[in-house]
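Participant: Return atomic coordinates for the entry below.
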Amino acid sequence: MKGSVIALGHWQGRKAAARLVDGVLDDLIVDPPDETPRPGAIYKAIAGRAMKGQGGAFVTLPSGARGFLRAAKGSGGAAQAGRARLVQVVSYAEPAKAAPMTDRILFKGRYAIVTPGSPGINVSRQIKDDDRADALRALAHEYAGAAAGIILRSRAGEADDTLVADEIAALAEAATQLMADEGSAASLLLAGPDAHELAWREWPDADLVDDSADAFEAHGVFDAIDAVLSPGVPLGGGAHAFIEPTRALVAVDVNTGGDTSAAAGLKANIALCRALPRGLRCRGLGGQITVDFAPMPKRDRRQVEGALRAAFRSDPVETALVGWTPLGHFELQRKRERAPLKWSLSDAPAAGKKT
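Facilitator: The predicted structure follows:
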């Protein structure tokens with residue numbers, strides 16, 4: 001169908017959410033295996049000793065899995081080892097590595113973020129209307145204080161004041177209660193959001209939200225998932241690309257196919273730039289990404305880089321465009337906000353000791 005659809009269902013026995021635009025799968029979130037620490041989860045964890053040269057310390061979670069608290073003041077050492085610490089999962093771990101953690105806790109909602117320990121009120125720069133921004137600051141003032149701050153997200157700009165105020169109040173109350181926890185044993189204090197919760201919180205409003213039992217079947221989501229499980233990405237005009245995760249990085253290879261024209265490489269590369277954010281989102285891929293573009297003159301690199309920047313500007317997952325390598329590849333660094341799709345076909349890698 002034309003327009004946007006959010007379908008909520010299950011895939012391989014796990015909760016999943018799919019966003020389709022004009023009948024094409026645009027985004028996909030699938031829950032990881034149950035024991036996997038999810039981004040946003042808040043734990044009371046037991047601190048280990050500081051790891052010299054690695055800028056942080058390991059922490060032990062209640063499941064026995066390990067997290068790594070990076071670049072955190074007082075995160076380890078003799079004075080802190082063995083003590084309980086409040087930590088939050090930042091992103092999914094790389095295979096056989098400990099989950100990245102932070103001690104800067106955030107309580108994130110659809111319209112606002114409450115930031116314990118970071119007072120102040122900030123409004124998203126995407127809210128251009130100064131009067132609306134001032135109104136939101138006044139709305140948040142009642143709940144902000146010396147112990148916590150509030151960030152108003154872009155969606156608050158068009159939301160009803162009552163909805164924004166109710167969410168801020170709920171987040172502030174949850175933050176107050178959780179931050180006051182004095183327990184000394186490792187425990188899970190707040191679970192990370194599942195696929196359905198993330199879709200509600202992060203995705204734009206859709207023309208249709210379908211949470212019926214046969215939503216995935218009705219909107220062709222199962223077939224779309226089968227397509228993205230393949231590394232191949234058609235780029236039009238006979239060109240194609242392959243997106244393949246390895247243990248070290250995600251490799252992207254671009255081919256012109258049967259096109260032998262002088263501009264074949266440039267056309268294929270620009271098509272890949274436009275398709276890459278969706279290809280990574282739907283596969284749940286992040287970390288280091290290396291793109292081996294089709295051959296093209298060096299003078300065309302600026303045009304390709306501009307196409308990349310334009311494509312990732314609206315992508316919801318934080319991605320840094322690092323630049324060209326001496327071999328002519330292009331490197332990106334992408335936050336691991338999504339569980340890799342293939343994790344749902346088997347158990348996720350167990351957390352290890354290596355960071």
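Participant: remind me which residues of the stretch 51-200 of the chain are low pLDDT?
Facilitator: By pLDDT under 70, the low-scoring segments of the stretch 51-200 of the chain are 53, 71-80.
Participant: quick one: the strands in it?
Facilitator: With DSSP state E, counting those that start in this stretch as the criterion, the stretch 51-200 of the chain has strands at 56-60, 66-70, 84-89, 99-102, 107-108, 112-116, 120-123, 148-152, 187-190.
Participant: where exactly do the strands run in the stretch 251-355 of the chain?
Facilitator: Counting by DSSP E, counting those that start in this stretch, the stretch 251-355 of the chain has these strands, from start to end: 287-292, 319-324, 330-334.
Participant: So which bits of the second one are buried?
Facilitator: The neighbour-count check on strand 319-324 (16 or more other C-beta atoms under 10 Å) flags residue 319 as buried. (C-beta placed from N, C-alpha, C; glycine too.)
Participant: now do the last one
Facilitator: Burial within strand 330-334, assessed by neighbour count using 16+ other C-beta under 10 Å, is assigned to 330, 332, 334.
Participant: got the contact list for the spatially closest residue to residue 29 that is not a sequence neighbour?
Facilitator: The spatially closest residue to residue 29, leaving aside those adjacent along the chain, is residue 195, at 4.3 Å (C-beta to C-beta, 6 or more residues apart in numbering). For residue 195, the residues meeting the contact criterion (C-beta atoms under 8 Å, 6 or more residues apart in numbering) are 8, 14, 15, 16, 17, 29, 30, 31.
Participant: Now which of those would you call buried?
Facilitator: So, by 16+ other C-beta under 10 Å, the buried ones in the contacts of residue 195 are 8, 14, 15, 16, 17, 29, 30, 31.
Participant: Quick check: the gap between residue 268 and residue 99.
Facilitator: From residue 268 over to residue 99 the distance is 37 Å, taken as C-beta to C-beta, to the nearest Å.
Participant: which residues in the stretch 201-350 of the chain form helices?
Facilitator: Along the stretch 201-350 of the chain, the segments classed as helices by DSSP state H, counting those that start in this stretch run 215-218, 221-229, 264-283, 301-313.
Participant: Those into CSV, with extra columns for mean neighbour count and mean pLDDT?
Facilitator: Shown next, in CSV, are these (neighbours: other C-beta atoms under 10 Å; pLDDT from 0 to 100):
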stretch, mean neighbour count, mean pLDDT
helix 215-218, 17, 96
helix 221-229, 16, 95
helix 264-283, 22, 96
helix 301-313, 15, 97
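Participant: what's the closest of those helices to residue 171?
Facilitator: helix 264-283 (26.3 Å; C-beta to C-beta).
Participant: Report the distance from the closest one to the chain centre.
Facilitator: Taking the mean C-alpha point of helix 264-283 and that of its whole chain, the gap between them comes to 19 Å (C-alpha atoms, centre = their mean, to the nearest Å).
Participant: Determine the set of other helices and strands touching it.
Facilitator: Applying 3 or more C-beta pairs under 8 Å, 6 or more residues apart in numbering; DSSP states H and E, one finds that helix 264-283 contacts strand 24-30, helix 221-229, strand 232-236, strand 239-245, strand 250-255, strand 287-292, helix 301-313.
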